[in-house]
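Asker: Coordinates for the following, if possible.
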Amino acid sequence: MNAQTSNRMSSFRWVICGMLFLATTINYMDRQVLSLTWKDFIALDFHWNDNDYGNITATFSLFYAFISLFAGKFIDWMGTKKGYVWAIVIWSLGACLHAACGWATMRLTGIADVETLRAVTEGSKLALMVSTLSVWLFLACRIILATGESGNFPAAIKVTAEFFPKKDRAYATSIFNAGASVGALAAPLTIPVLAEHMGWEMAFIIIGAIGFVWAGAWLLLYAAPAHNRFVSAEELAYIESDRQEDAAADRQPAAEERKFSLLDCFRYRQTWAFIMGKLLTDGVWWFFLFWAPAYFSELGYPSSSGMGQLLIFVLYLIVTLVSIFGGYLPKLFVEKMGMHPYAGRMRAMLMFAVLPVFAMFAQPLAGVSPWWPCVIIGLAGAGHQAWSANLYSTIGDMFPKSAIATITGIGTMFGGLCSFAINKCSGMLFTYADRMGEAFSFFGTTGKPAGYMMVFCYCAVAYLLAWVIMKLLVPRYKPVQG
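Answerer: As a prediction, this is how the structure comes out:
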């Protein structure tokens, strides 16, 4: 007897949620390999500075933003089963290819071995050639990585809408979205160790190869709920309970089947509300993700040290534990207070928009103890992840399932633009502030710390600003009916 014909309530939707969690964990571990190896390993080989790294992360963000515009449409067209596999295979391939950048740089510059590469005189013509060429090679690999990774969230959000009713989607999203922080949590415990003992190249290969295993498992397990042998009739009825509620409210279920073009999507204020929620805030998370290891290294705790790894671990442990509650909070508002899911989501988002405000105290308290910025950035990151889980769920509140991946891709594109701006400006700002030293000051800090202070201040206010704009665009629940 399969689950469809069983009278018992199955819970296969949570298995699917677990698969989304694993995919997102892999996604962020692949993304983190570079941030955890460039400062203490890769830069030694290729003579990079902050601006070089900023250019790489900024270009990754820019291309990620561009391709995301089409990734969501691709997922809606291809379907979540095949589309997700294509996405993870491409990004896993891109992750593994980073390992060949050192070999390619030496071949193209005629350098015989790593020792000779590291011994190149700083500031020489050859050093400039090595750094420039290696940056371009890493950029090529990051573009492949971005192409695949851009499909993760459109596919995951669409799968969540397929397998969960509206009242549960924020909680399910917060669980799989916690993979971002768990990936960032596992990364400092594994990647620097791999890089230290096996070389930074093997860190890219080993972490990248995990995605191919996930793709095989996804092909075996996934099917739409109505056709999935693991989903019982009772669970299917629960998953599709929104349709019954829509019918009772005299809403037209046919809107679920309407196909939206990219241009159609931009006609709606609901789309622009989601765009603004992503545009103003995504860069904050990516700044923490890409620059936190380097920041603690600047404080004297490199990612290769036990203390540096512990700081990053605790930071993302805070993010993980706090952010999961962020997805459950709207469910409490709905079930205990009788609020509409969208109203509950917006109230929760306002509450979590306050947590990043404390980011402005990270730099001033860094001189007291590195644990202060660790905890503060952890709370700010948790605020982002809780905000993000609820923000993604507003798409399912407002749009039919046929448009969910497309809208997610559009918002992700604008979020990537924010990340590009923050990472590019941060690299330039930190290089400039370091060169100017005491002549560069901001809010009582000087030099590179002043640069970090400036970025932390933006992080502090971004979410409250985004919430106000979203509320102005969509003051109350108003679904798109077509």
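Asker: which residues are in contact with stretch 129-146?
Answerer: 30-31, 34, 45-48, 52, 55-56, 59-60, 63-64, 67, 90-91, 93-95, 97-98, 101-102, 104-105, 108-109, 111, 117, 120 (C-beta atoms under 8 Å, 6 or more residues apart in numbering). C-betas here are computed from N, CA, C, even on glycine.
Asker: Which of the residues you listed fall within strands?
Answerer: Counting by DSSP state E, no part of the contacts of stretch 129-146 is found in strands.
Asker: Report the buried members of those residues.
Answerer: Buried by 16 or more other C-beta atoms under 10 Å: 30-31, 34, 45-48, 52, 55-56, 59-60, 63-64, 67, 90-91, 93-95, 97-98, 101-102, 105, 111, 117, 120, out of the contacts of stretch 129-146.
Asker: Take the residues you listed and keep only those in helices.
Answerer: 30-31, 34, 45-46, 52, 55-56, 59-60, 63-64, 67, 90-91, 93-95, 97, 101-102, 105, 117 (DSSP state H).
Asker: Now do the end-to-end distance for stretch 298-307.
Answerer: 13 Å (C-alpha to C-alpha, to the nearest Å).
Asker: Count the residues that sit near the closest residue to Pro356 other than its chain neighbours.
Answerer: Once flanking residues are discounted, Pro356 sits nearest to Ala380: 4.2 Å by C-beta to C-beta, 6 or more residues apart in numbering. Ala380: 28 surrounding residues under other C-beta atoms under 10 Å.
Asker: How much space separates Val375 from Val319?
Answerer: 11 Å (C-beta to C-beta, to the nearest Å).
Asker: same deal with Tyr432?
Answerer: Tyr432 sits 30 Å away from Val319, taking C-beta to C-beta as the criterion.
Asker: So these two - more neighbours on which side?
Answerer: Between Tyr432 and Val319, Val319 has the larger neighbour count (other C-beta under 10 Å), namely 28 against 14.
Asker: So for the more buried one, what's the pLDDT?
Answerer: Val319 is assigned a pLDDT of 86 by the prediction.
Asker: helix or strand for it, which one?
Answerer: Here Val319 sits within helix 306-337, counting by DSSP states H and E.
Asker: Following the chain onward from that helix, which element is next?
Answerer: That would be, after helix 306-337 and using DSSP H and E, helix 341-353.
Asker: The residue nearest to Pro356 contacts Trp285, correct?
Answerer: No. With contact defined as C-beta atoms under 8 Å, Ala380 does not reach Trp285; the gap is 9.1 Å.
Asker: Gln363 contacts Thr445, doesn't it?
Answerer: Yes. With contact defined as C-beta under 8 Å, Gln363 reaches Thr445; the gap is 6.0 Å.
Asker: what about Leu329, how many residues close to it?
Answerer: Applying other C-beta under 10 Å, I find that Leu329 has 22 neighbouring residues.
Asker: thinking it is in contact with Ala348, fair?
Answerer: Yes. Under the contact definition of C-beta under 8 Å, Leu329 touches Ala348, with a separation of 4.4 Å.
Asker: list residues touching both of the two?
Answerer: With C-beta under 8 Å, 6+ apart as the test, Leu329 and Ala348 both reach Ala386.
Asker: immediately after the helix-or-strand element of the chain with minimal mean pLDDT, which helix or strand?
Answerer: When each helix and strand of the chain is scored by mean pLDDT, DSSP states H and E, helix 241-248 comes last, with a mean of 61. Sequence-wise, the next helix or strand downstream of helix 241-248 (DSSP H and E) is helix 262-265.
Asker: what about that following helix, distance to the chain center?
Answerer: 24 Å (C-alpha atoms, centre = their mean, to the nearest Å).
Asker: Need the residues that contact the following helix or strand past it.
Answerer: Where DSSP H and E defines the elements, the next helix or strand beyond helix 262-265 is helix 269-279. With contacts defined as C-beta under 8 Å, 6+ apart, helix 269-279 is touched by 265-266, 387, 391, 394-395, 398-399, 407, 410-412, 414-415, 417-418, 466-467, 469-470, 473-474, 478, 480.
Asker: now do 6 Å
Answerer: 265, 391, 398, 411, 414-415, 418, 466, 469-470, 473-474, 480 (C-beta atoms under 6 Å, 6 or more residues apart in numbering).
Asker: now stretch 380-395
Answerer: By C-beta under 6 Å, 6+ apart, stretch 380-395 touches 157, 169-170, 173-174, 177, 181, 277, 284-285, 288, 318-319, 322-323, 326-327, 345, 348-349, 352, 355-356, 359, 404, 407, 463.
Asker: I'd assumed Gly416 was in contact with Gly283.
Answerer: No. Using C-beta atoms under 6 Å as the test, Gly283 is too far from Gly416 to be in contact (8.6 Å).
Asker: Count the residues that sit near the residue lying closest to Lys259 once chain neighbours are set aside.
Answerer: Spatial nearest neighbour of Lys259, chain neighbours left out: Ser402 (5.8 Å); criterion: C-beta to C-beta, 6+ apart. Neighbour count for Ser402, taken as other C-beta under 10 Å: 16.
Asker: which SS class is Pro302?
Answerer: coil (DSSP: H, G, I helix; E, B strand; the rest coil).
Asker: Quick check: next helix or strand after whichever strand or helix holds Val159?
Answerer: In this assignment (DSSP H and E), Val159 forms part of helix 152-163. Using DSSP H and E, the helix or strand that follows helix 152-163 in sequence is helix 166-198.
Asker: which residues sit in contact with Phe212?
Answerer: Ser92.
Asker: Looks to me like it is in a helix.
Answerer: Yes. Counting by three-state DSSP, Phe212 is part of a helix.
Asker: How about the spatially most central residue of the chain, nearest residue that isn't a chain neighbour?
Answerer: For the chain, the residue nearest the mean C-alpha position is Ala180 (5.9 Å; C-alpha atoms, centre = their mean). Nearest non-adjacent residue to Ala180, counting by C-beta to C-beta, 6+ apart: Tyr28, 4.8 Å away.
Asker: and the gap between Pro293 and Ile16?
Answerer: 32 Å.
Asker: low pLDDT regions in this protein?
Answerer: For the chain, residues meeting the criterion pLDDT under 70 lie at 1-7, 243-258, 326-327, 334-335, 481-482.
Asker: what helix or strand does the residue nearest to Pro356 sit in?
Answerer: With DSSP H and E as the test, Ala380 turns up in helix 371-398.
Asker: and that helix with helix 306-337, angle?
Answerer: 40 degrees (axes from the mean of the first three to the mean of the last three C-alpha atoms, to 10 degrees).
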